[in-house]
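In: Everything below, folded, please.
(one chain, ligands or ions: 1)
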Amino acid sequence: MKLGIVGLPNVGKSTLFNAITKAGAEAANYPFCTIEPNVGVVTVPDQRIRVLSDLNKSKKTIYTTIEFCDIAGLVKGASKGEGLGNKFLGHIREVAAIVHVVRCFENENIVHVSGKIDPLSDIETINTELILSDMELLERRIAKTEKGSRYDKALAGELEILKKVYDFLSSGTSARAMELDEDEADFVRTLDLLSYKPIIYVANVSEEDAADGSENEYVTAVREFAAGEGAEAVVICAEIEQEISELDDDEKALFLEELNIDESGLDKLIKASYRLLNLISFLTTGSDETRAWTITNGTKAPQAAGKIHTDFEKGFIRAETINYDTLMAECDGSMTKAREKGLLRSEGKEYIVKDGDIITFLFNV
Ligand code: GDP
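Out: All right, here's what the predicted structure looks like:
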């Protein structure tokens, strides 16, 4: 599951992407896959992993990761095939969610493609291309559905939704802003519309604005626009992130303290991206290793076990678990204490794993 970084030229995409690749996860964690040049892999910050690893004196500490891919080159007219447009729209179709970078910094030396800083107009330029491409897709789908819908009730129902979405898009608004009931949403999801993909808007601000924490009018505009789509906005200074990405952890902490920033923008973006993809982490810990594992929210215990090894899923018996928060609040982080207090639960096949569950799986071999 990848997120695709999009934005107009000169908004700071490459700067952000460089920060992502430099802050990148150890390639050693990826022995089985080659990472393409336009893909950056970053670790998902998780304080809990560090704490558990220290408590259990784990030999290895492994964070979970998330992938971003750089989709450069989307310009006005892309949906009409301009500037290799179709290729870029195709790349967007492949990602699970979009990170839309918007320029909110002024700099006379860096040309803005439309001559002035205007985040809302920038957002509209890109969203319009996605909307136009979706409308084209819907036109074809409507024509196909119309043929069969006279004799088929289900198709007639689909046709109604297709037309409703088409009309909505005609007003120039992304499909994700539509109010849909659950059944409609389930169907619309299958259409794989670009403007229905989950999105985070990244307001790229100047070093000065990032440091003094004040929100400039551009950022406010982006935030309000995002809220209107039910989306999140994250403020970042790509330049600073690039500098930070070259530092080690201690230097990074010092640097952020000097700038009076509590968390790096990139860390905020990574966490927001993880939430956006509806991902959560369960944890395993012991003297060998402490590790975070990614699952989709709603995953049951056997499938979560399958993330570690397919044998764990096939032979699943039960999961012994306690949530990290309970372990810390009521047992001072001690598993022995948790066991004594009867707080270590035994969960079966139907158990839905929660974020922060520390799990030991029992399985048949
Ligand atoms: P892209 O075309 O969207 O990939 O944009 P780039 O990442 O190449 O950035 C365009 C220019 O803007 C470069 O000269 C960057 O150094 C500059 N830039 C990017 N982010 C920031 C930022 O946060 N603050 C400032 N002042 N300049 C930035």
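In: which element is the residue in the chain sticking out farthest from the centre on?
Out: Note on the chain: the largest C-alpha distance from the chain mean falls to residue 151, namely 41.7 Å (Cα atoms, centre = their mean). Under DSSP states H and E, no helix or strand contains residue 151.
In: do the same with residue 272
Out: Assessed by DSSP H and E, residue 272 sits inside helix 265-276.
In: tell me the contacts of residue 12?
Out: Shown in contact with residue 12 (Cβ atoms under 8 Å, 6 or more residues apart in numbering): 101, 103, 105, 204, 238-239. For every residue, glycine as well, the C-beta is placed using N, CA and C.
In: ok so, going back, report whether the helix holding residue 272 contacts the ligand.
Out: No - residues of helix 265-276 contacting the ligand under Cβ under 6 Å from any ligand atom: none, with a closest distance of 9.3 Å.
In: which residues are contacting that helix?
Out: Counting by Cβ under 8 Å, 6+ apart, 3, 16, 19-20, 23, 42, 44-45, 66, 68, 97, 99, 198-200, 202, 210, 232, 234-237, 240-241, 244-245 sit against helix 265-276.
In: Any buried residues in it, and which?
Out: Buried residues in helix 265-276, counted by 16 or more other Cβ atoms under 10 Å: 265-274, 276.
In: continuing past it, what's the next helix or strand?
Out: Using DSSP H and E, the helix or strand that directly follows helix 265-276 along the chain is strand 279-285.
In: What angle do helix 265-276 and that next one make with each other?
Out: Taking axes from the mean of the first three to the mean of the last three Cα atoms, to 10 degrees, one finds strand 279-285 and helix 265-276 inclined to each other by 100 degrees.
In: Can you list the strands that whichever helix or strand comes after strand 279-285 pairs with?
Out: For strand 279-285, the succeeding helix or strand toward the C-terminus, using DSSP H and E, is strand 289-296. Sheet pairing of strand 289-296 (DSSP bridges) gives strand 60-62 (parallel), strand 279-285 (antiparallel).
In: Return the closest of the buried residues of helix 265-276 with respect to the ligand.
Out: The ligand lies nearest to residue 265 out of these, by Cβ to the nearest ligand atom, at 9.3 Å.
In: For the stretch 151-300 of the chain, what lies in contact range of the ligand?
Out: Counting by Cβ under 6 Å from any ligand atom, the stretch 151-300 of the chain sits next to the ligand at 204, 206, 237-239.
In: Quick one: buried ones out of those?
Out: 204, 237-239.
In: Now render those as JSON lines, adding secondary structure.
Out: Below are those laid out as JSON lines (DSSP: H, G, I helix; E, B strand; the rest coil):
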{"residue": "204", "secondary structure": "strand"}
{"residue": "237", "secondary structure": "coil"}
{"residue": "238", "secondary structure": "helix"}
{"residue": "239", "secondary structure": "helix"}
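In: Reformat those residues as a markdown table; add pLDDT.
Out: Formatted as a markdown table, these follow (pLDDT from 0 to 100):
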| residue | pLDDT |
| --- | --- |
| 204 | 95 |
| 237 | 93 |
| 238 | 94 |
| 239 | 92 |
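In: so who does the nearest residue to residue 187 once chain neighbours are set aside touch?
Out: Closest residue to residue 187 apart from its sequence neighbours, by Cβ to Cβ, 6 or more residues apart in numbering: residue 161 at 5.6 Å. Counting by Cβ under 8 Å, 6+ apart, residue 161 touches 184, 187-188.
In: So which bits of the helix or strand residue 161 falls within are buried?
Out: Assigned by DSSP H and E, residue 161 belongs to helix 153-170. Using 16+ other Cβ under 10 Å as the test for burial, helix 153-170 gives 155, 158-159, 161-162, 165-166, 168-169.
In: pretty sure residue 262 is touching residue 256, no?
Out: Yes - Residue 262 lies in contact with residue 256 (Cβ atoms under 8 Å); the separation is 7.2 Å.
In: picking up where we left off before, please export the C-alpha coordinates of the helix holding residue 161 as PDB.
Out: Output of helix 153-170 as PDB, limited to C-alpha atoms (Å, rounded to 0.1, in the frame of the first residue of the first chain):
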ATOM      1  CA  LYS A 153     -32.900  -4.100 -11.400                       C
ATOM      2  CA  ALA A 154     -29.400  -4.200  -9.900                       C
ATOM      3  CA  LEU A 155     -27.900  -2.500 -12.900                       C
ATOM      4  CA  ALA A 156     -30.700   0.100 -12.800                       C
ATOM      5  CA  GLY A 157     -29.700   0.800  -9.200                       C
ATOM      6  CA  GLU A 158     -26.000   1.100 -10.200                       C
ATOM      7  CA  LEU A 159     -26.900   3.500 -13.100                       C
ATOM      8  CA  GLU A 160     -28.600   5.800 -10.600                       C
ATOM      9  CA  ILE A 161     -25.600   6.000  -8.400                       C
ATOM     10  CA  LEU A 162     -23.300   6.500 -11.500                       C
ATOM     11  CA  LYS A 163     -25.300   9.400 -12.700                       C
ATOM     12  CA  LYS A 164     -25.500  10.900  -9.200                       C
ATOM     13  CA  VAL A 165     -21.700  10.800  -8.900                       C
ATOM     14  CA  TYR A 166     -21.300  12.200 -12.500                       C
ATOM     15  CA  ASP A 167     -23.500  15.100 -11.700                       C
ATOM     16  CA  PHE A 168     -21.700  15.800  -8.500                       C
ATOM     17  CA  LEU A 169     -18.300  15.800 -10.300                       C
ATOM     18  CA  SER A 170     -19.700  18.100 -12.900                       C
END
